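Enquirer: A structural model of the following input is requested.
(one chain, ligands or ions: 2)
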Amino acid sequence: MAGFTIGKQGTFLETVHFDDNLEISLFTRGDGVEIIQQTIGEGKLFYVYPSGNVNALEFYFIVSGEVECEVENKKYILSPKDYFIARELSDPIHFTALSKVSLLCVFTEQTFVHISKDISSLIEIKKQVELKDIYTQKHSDRVANYSVKIAKKLKLNKEKLENLAIASVLHDIGKIHVPSEILNKPGKLTDEEFDIIKKHPADGAAMIKESYYKELVPIIEQHHERLNGTGYPNGLRGDEILLEARIIAVSDTFDAMTEDRAYRKAFGAQFAIDELKNLAGTHYDQEVVLALEEILKEEGLIDYCTTGK
Ligand SMILES: [Fe+2]
Ligand SMILES: [Fe+2]
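Expert: Ligands and ions are numbered 1, 2, ... in the order given. Here you go, the predicted model:
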């Protein structure tokens, strides 16, 4: 039935096997929350660290095995059905697995993506793309940074925000298939060359499909679509394009304009935002462009008094 999932023993979205003594598996994720299983070998030490985010909550439930921890010089032994919670923790707490232990964990902060083998291999590809294209060093990180700021202004929920951040970092991975002569060509591209470039959103989407972040597929595929249907690869229009993809479109274009290119020097932030405003409503989402303008003003990158166009 729609909305209902049964998971048979041992089925996970992804499992990361560190060694024989540590395995972390993701059951599910949603609305910023992750439900995880950790299996730790007998005699092994593990830590729970304070989080940088004061609102973050980590809940651990002992499913099997026993663990020992020492807090303020007092020792505690935790057995099956016992649990512990870390919230606004002041210092790291260390635990010892007295026997092979299995923990069910609920984290309100995205954790698994940082250890995911799928995602780290895609981040590796992103780095290779940036090495190949000499003008896009750190491009994706900057796009992610603008996109997250815009999404916060537009009040996207936590899950959308987290997905958008990862999709932004990975948006151009499909360029791994574009020859560097085309990526770095100083002159105008031929139609054939542009056709090759145009494949990168769908190629990138196909690469993500294999990871547990499948829901990022349409965002990556749509990041070059434009509101009036002139974008690629599918010529989608208006609301057919996901808001997340419309946000990346704006951050991506702004970053491309404010960086040097093989054929021109970087434009200033004011010029770039004015260009985006000229194309708002036809190519770019008006609200998204205005949110970016607001951010640039707040950061002092453009003047408050300049009306632009
Ligand atoms: Fe792109
Ligand atoms: Fe890009």
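
Enquirer: what residue ranges in this protein are flagged as low confidence?
Expert: Scanning the chain for pLDDT under 70 picks out 305-309.

Enquirer: show me where it has helices.
Expert: Using DSSP state H, the helices of the chain run over residues 112-115, 117-132, 139-153, 158-170, 180-183, 191-197, 200-208, 217-221, 243-257, 269-278, 286-298.

Enquirer: Compare those helices and give me the one nearest N53.
Expert: helix 158-170 (11.1 Å; Cβ to Cβ). (Glycine included, C-beta is placed from N, CA and C.)

Enquirer: what packs against the closest one?
Expert: helix 117-132, helix 139-153, helix 217-221, helix 243-257 (3 or more Cβ pairs under 8 Å, 6 or more residues apart in numbering; DSSP states H and E).

Enquirer: Now those helices in TSV, please, with extra columns for mean neighbour count and distance to D274.
Expert: Listed next are the helices and strands packed on helix 158-170 as TSV, based on neighbours: other Cβ atoms under 10 Å; distance: least, Cβ to Cβ, whole Å:
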stretch	mean neighbour count	distance to D274
helix 117-132	16	28
helix 139-153	20	17
helix 217-221	24	27
helix 243-257	24	10
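
Enquirer: quick one: which of these is nearest ligand 2?
Expert: Evaluated over the helices and strands packed on helix 158-170, closeness to ligand 2 peaks at helix 243-257, with 4.3 Å, by Cβ to the ion.

Enquirer: any residue of that closest one up close to ligand 2?
Expert: Yes - judged by Cβ under 5 Å from the ion, helix 243-257 comes into contact with ligand 2 through D252.

Enquirer: one step back: a markdown table for the helices of the chain, including distance to C69?
Expert: Below are the helices of the chain laid out as a markdown table (distance: least, Cβ to Cβ, whole Å):
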| stretch | distance to C69 |
| --- | --- |
| helix 112-115 | 22 |
| helix 117-132 | 29 |
| helix 139-153 | 35 |
| helix 158-170 | 30 |
| helix 180-183 | 52 |
| helix 191-197 | 54 |
| helix 200-208 | 38 |
| helix 217-221 | 41 |
| helix 243-257 | 41 |
| helix 269-278 | 51 |
| helix 286-298 | 44 |
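
Enquirer: Quote the end-to-end distance of stretch 123-140.
Expert: 10 Å (Cα to Cα, to the nearest Å).

Enquirer: Offset the numbering so it begins at 34, please.
Expert: That works, and once the first residue is 34, the last one we named lands at stretch 156-173.

Enquirer: Please see if it touches ligand 2.
Expert: No - judged by Cβ under 5 Å from the ion, stretch 156-173 and ligand 2 are separated, with a smallest distance of 5.8 Å.

Enquirer: Mind listing residues that contact that stretch?
Expert: Contact with stretch 156-173 is made by 201-206, 208-209, 213, 216-217, 240, 288-289, 292-295, as judged by Cβ atoms under 8 Å, 6 or more residues apart in numbering.

Enquirer: cool, and stretch 308-323?
Expert: 183, 187, 259-261, 263-264, 276, 279-280, 282-283, 286-287, 290, 300, 306, 325-326, 341-342.

Enquirer: can you check stretch 44-52 too?
Expert: With Cβ under 8 Å, 6+ apart as the criterion, stretch 44-52 contacts 56-62, 70, 145, 148-151, 244-245.

Enquirer: In PyMOL, select just the buried ones from the residues you listed.
Expert: Buried members of the contacts of stretch 44-52, defined by 16 or more other Cβ atoms under 10 Å, are picked up in PyMOL with:
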select buried, resi 56+57+58+59+60+62+70+145+149+151+244+245
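
Enquirer: and the closest residue to Q143 other than its chain neighbours, how many neighbours?
Expert: The shortest distance from Q143 to any non-neighbouring residue, by Cβ to Cβ, 6 or more residues apart in numbering, is to E195 (5.1 Å). Around E195 there are 20 other residues, counting by other Cβ atoms under 10 Å.

Enquirer: if I look at E195, how far off is ligand 2?
Expert: Computed as Cβ to the ion, to the nearest Å, the E195 to ligand 2 distance reads 20 Å.

Enquirer: isn't that residue right next to G65, touching?
Expert: Yes - between E195 and G65 there is a contact at 6.3 Å, judged by Cβ atoms under 8 Å.

Enquirer: who touches both of these two?
Expert: Joint contacts of E195 and G65 (Cβ under 8 Å, 6+ apart) are Q143.

Enquirer: who in the protein is up against ligand 2?
Expert: Counting by Cβ under 5 Å from the ion, the chain sits next to ligand 2 at 205, 285.

Enquirer: Pop the domain breakdown of the chain in here.
Expert: Domain assignment for the chain, taken from automatic domain parsing, gives 47-145, 149-331.

Enquirer: Kindly provide the distance from the residue in the stretch 84-233 of the chain positioned nearest to ligand 2 to E163.
Expert: The stretch 84-233 of the chain approaches ligand 2 most closely through D205 (4.4 Å), counting by Cβ to the ion. Distance, D205 to E163, using Cβ to Cβ, to the nearest Å: 8 Å.
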